[in-house]
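Q: Only the shape, not the letters, is given here:
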């Protein structure tokens, strides 16, 4: 709504205006205190929420909050139950205002955070300096017009009431109120200063609000939306900078960049410049192999550009087009501490869906889950890989974005219970615990692309290439998950893991219903049926089971409707050797992947046809957490 001015020769009589709830920024100082009785550390903070010295411009003029006795209604704020909120959201209370007082021209308060997970997170952020902005909400009941300054009205608030204090990411704009839908507005009484600078006949300029002339309808400015957007942008900036700092053990530097208002890209550049500092310096190697790309930057990474730059090294255009991809590869190489065979696709890129990617259906609900990445992106390279892996669809646990060797604990023995006589003591016993280790091994798979396809820049072609590379890697990983030898650089698959169940061999090429059930019994007898179980076999065996009756003359076949065996899900994959049948708790099969992809373009092998061979290499490992959770059989 536009502002106009009008001039009057006389000061109007006492009048009123409508004001929304108003907000002012404040400062916070941490003062964790120890409770004198319990010795418990109370998460309390002292803050200054208002100052008479602060003059704030409002839509109605300049505002000075009075701090003299009788000018502030402190009953509610000082009552011990006023709320400490997040972003002035009445539904998001994280603490309480324990005490508040007015003195020496300032308003002060002591606030205490609650013990909920949400409140504890906010308190920790305040302690760490991540959240340092505070805002107080108050209502104005009466103001006195004290002077005119260059046509602006200056008011002293002589009756106001603070009602809440909020931790905020961005302080509310002090020039306006923040009236939300459903909030009552206060009718504020305006008084004239009785003596001094404002004689009754002074010419006065009064700022008023006027609606635009009809028929033009002015679109109202949604101040709340603007503030929400600003808060969201600031929250995202702070979150990304601090996450980068934590990943690279540079939290002190990250906090400084946050407080200085610097951007994510500025901090990322700082991180890259400091990654190669010697051991023992302030900054050490990253725990996370990501290089800190934003989602937008990660989506702009092109597999095709990267491969073209390798396949045609003398093509200046191809090199310039892949400048970003080559820079990202160099950053990934620095973090991973090794040079790529071709070009690294950073883990940031494989975690997010590329631009224009279509959402794909993620596997079964029992599909494990990425225990390292913070967010799953349908259509990302990692998700494409999982969707194309039969074992991931069965529920195998896939860990991606790893860095360094991984040790996963497992219990190998239990305590023993005893019956004892009165006044006797049981024998001591305890659980025994072992570890499953994952160490990086390299899997390589290749596929050939025509020169014409490599020259394309279509989003659909880009997505096709990603999906195709995911397929060839998935086939290799699936086979290793079942049959990996554990030697010659291979991981150890289920079949070659010591201790898996192996009932009596099938009497014939096609197992009977009893022989299928015996595999379930093998796992259950070992008390290893500790999750969702399923069978997996190849297509030929499925065909035989579809025509094999559970019992003669019943017309009930071993392979059941709905693709189940013995009531459990059954998956078909031609990765399985003919005649083999596996049963297991597939979440106990762990597949780990380190870093991103290493793509190498080979234009020479198929040079006579103009095709380019792309070799995709991935550091990975496979391990079985509890061998007894699996059973395998065939006809011997």
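A: Happy to help now that I have it. Everything numeric in this text was worked out from a predicted model, so none of it was measured.

Q: can you pull up the bridge partners for residue 630?
A: Using DSSP bridges, the bridge partners assigned to residue 630 are residue 584.

Q: How about the contacts made by it?
A: Contact partners of residue 630, counting by Cβ atoms under 8 Å, 6 or more residues apart in numbering, are 494, 497, 500-501, 523, 582-585, 588-589, 624. For glycine as for every other residue, the C-beta is placed from the backbone atoms N, C-alpha and C.

Q: mind checking how far the nearest residue to residue 499 once chain neighbours are set aside is from residue 314?
A: Spatially, and ignoring its direct neighbours in sequence, residue 499 is nearest to residue 627 (3.4 Å; Cβ to Cβ, 6 or more residues apart in numbering). According to Cβ to Cβ, to the nearest Å, residue 627 stands 53 Å off from residue 314.

Q: out of the two, which sits in the more crowded spot?
A: residue 627 (16 against 6; other Cβ atoms under 10 Å).

Q: what's the distance between the more buried one and residue 103?
A: Going from residue 627 to residue 103 by Cβ to Cβ gives 71 Å.

Q: What of residue 440?
A: 63 Å.

Q: cool, residue 86 as well?
A: Relative to residue 103, residue 86 is positioned 28 Å away (Cβ to Cβ).

Q: what does residue 609 give?
A: Counting by Cβ to Cβ - residue 609 and residue 103 are separated by 86 Å.

Q: Given the helix or strand hosting residue 100, what are its sheet partners and their directions?
A: Using DSSP states H and E, residue 100 maps to strand 89-103. Partners of strand 89-103 in the sheet, by DSSP bridges, are strand 82-86 (antiparallel), strand 106-113 (antiparallel).

Q: dump the residue contacts of the closest residue to residue 455 other than its chain neighbours.
A: If the residues on either side of it in the chain are set aside, residue 455 comes closest to residue 308, at 7.5 Å by Cβ to Cβ, 6+ apart. Counting by Cβ under 8 Å, 6+ apart, residue 308 makes contact with 315, 318, 321-322, 454-455, 601.

Q: From residue 332, how far out is the closest residue to residue 385 other than its chain neighbours?
A: For residue 385, the nearest residue in space outside its immediate sequence neighbours is residue 470; the separation is 4.5 Å by Cβ to Cβ, 6+ apart. Distance of residue 470 to residue 332, computed by Cβ to Cβ: 19 Å.

Q: Give the buried residues for the strand or helix carrying residue 335.
A: Using DSSP H and E, residue 335 maps to helix 323-336. Judged by neighbour count (16 or more other Cβ atoms under 10 Å), helix 323-336 contains these buried residues: 325-326, 328-329, 331-336.

Q: same thing with stretch 106-126?
A: So, applying 16+ other Cβ under 10 Å, buried residues of stretch 106-126: 107-114, 119, 122-123, 125-126.

Q: before we move on, what about stretch 146-166?
A: Those would be 146-148, 153-162, 164-166, for stretch 146-166 by 16+ other Cβ under 10 Å.

Q: Check stretch 570-584 too.
A: In stretch 570-584, counting by 16+ other Cβ under 10 Å, buried: 570-573, 575-576, 579-584.

Q: Mind checking which of those are in strands?
A: Using DSSP state E, the members of the buried residues of stretch 570-584 that fall in strands are 570-572, 581-584.

Q: Pull the most distant pair out of those.
A: 572 and 584 (15.6 Å; Cβ to Cβ).

Q: measure residue 419 to residue 564 for me?
A: Taking Cβ to Cβ, one finds residue 419 at 43 Å from residue 564.

Q: the more surrounded of those two?
A: residue 564 (13 against 6).

Q: Quick check on the more buried one: phi, psi?
A: phi -130, psi 150 (degrees, to the nearest 10).

Q: Please name the residues that touch the residue lying closest to it once chain neighbours are set aside.
A: Take residue 564 and drop its neighbours on the chain: the residue closest to it by Cβ to Cβ, 6+ apart is residue 570, 5.7 Å away. Under the criterion of Cβ under 8 Å, 6+ apart, the neighbours of residue 570 are 534-537, 542, 559, 563-564.

Q: Mark which of those residues are buried, thanks.
A: The buried subset of the contacts of residue 570 - by 16+ other Cβ under 10 Å - is 534-537, 542, 559.

Q: out of those, which one sits closest to residue 91?
A: Looking across the buried ones among the contacts of residue 570 and measuring by Cβ to Cβ, the closest to residue 91 is residue 534, at 43.3 Å.

Q: Direction included, what does the helix or strand where the closest one lies pair against?
A: Assigned by DSSP H and E, residue 534 belongs to strand 533-537. Within its sheet, and counting by DSSP bridges, strand 533-537 is paired with strand 568-572 (parallel), strand 581-585 (antiparallel).

Q: Mind checking which of residue 86 and residue 103 has more residues around it?
A: When residue 86 and residue 103 are compared for neighbours, residue 86 comes out ahead with 18 against 9, by other Cβ under 10 Å.

Q: pLDDT below threshold where in the stretch 451-600 of the chain?
A: By pLDDT under 70, the stretch 451-600 of the chain has no low-scoring segment.

Q: That one: strands as residue ranges?
A: 533-537, 559-560, 564-565, 568-572, 581-585, 589-602 (DSSP state E, counting those that start in this stretch).

Q: quick one: the third one to chain centroid distance?
A: Spelled out, that is strand 564-565. 37 Å (Cα atoms, centre = their mean, to the nearest Å).

Q: Now the terminal residues of stretch 629-636, how far apart.
A: Using Cα to Cα, to the nearest Å, the end-to-end distance of stretch 629-636 comes out at 21 Å.

Q: and that stretch, how far out from the chain's middle?
A: Counting by Cα atoms, centre = their mean, stretch 629-636 comes out at 40 Å from the chain centroid.

Q: what pLDDT, on average, does that stretch get?
A: If you average the pLDDT over stretch 629-636, you get 89.

Q: buried residues in that stretch?
A: 629-634.

Q: Domain boundaries for the chain, per the record?
A: Per automatic domain parsing, the structural domains of the chain span 3-209, 225-287, 498-591+614-633.

Q: Compare the ones you listed and give me the one nearest residue 388.
A: domain 498-591+614-633 (10.8 Å).

Q: now the strands: where do they sit in the stretch 251-400 of the chain?
A: 343-345, 397-402.

Q: Going by mean pLDDT, which of those strands comes out lowest?
A: Least confident of the strands of the stretch 251-400 of the chain, judged by mean pLDDT, is strand 397-402 with a mean of 78.

Q: For that one, name the packing helices and strands.
A: helix 347-351, helix 381-387, strand 589-602 (3 or more Cβ pairs under 8 Å, 6 or more residues apart in numbering; DSSP states H and E).

Q: Could you check the angle the longest one makes with helix 323-336?
A: What separates the directions of strand 589-602 and helix 323-336 is an angle of 130 degrees, with axes from the mean of the first three to the mean of the last three Cα atoms, to 10 degrees.

Q: Please name the strands paired to strand 589-602 in the sheet, noting orientation.
A: Here strand 589-602 has these sheet partners by DSSP bridges: strand 343-345 (antiparallel), strand 397-402 (parallel), strand 612-624 (antiparallel).

Q: Turn those into JSON lines, including distance to residue 237 and mean neighbour count.
A: JSON lines is the format used below for those (distance: least, Cβ to Cβ, whole Å; neighbours: other Cβ atoms under 10 Å):
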{"stretch": "strand 343-345", "distance to residue 237": "26", "mean neighbour count": "27"}
{"stretch": "strand 397-402", "distance to residue 237": "23", "mean neighbour count": "23"}
{"stretch": "strand 612-624", "distance to residue 237": "32", "mean neighbour count": "22"}
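
Q: Nearest to residue 231 among those would be which one?
A: strand 397-402 (29.2 Å).

Q: how close does the nearest residue to residue 266 once chain neighbours are set aside sit to residue 238?
A: Nearest residue to residue 266 in three dimensions, chain neighbours excluded: residue 257, at 6.8 Å (Cβ to Cβ, 6+ apart). According to Cβ to Cβ, residue 257 and residue 238 sit 10 Å apart.

Q: Over to residue 290?
A: In this view, residue 290 and residue 238 are 18 Å apart by Cβ to Cβ.
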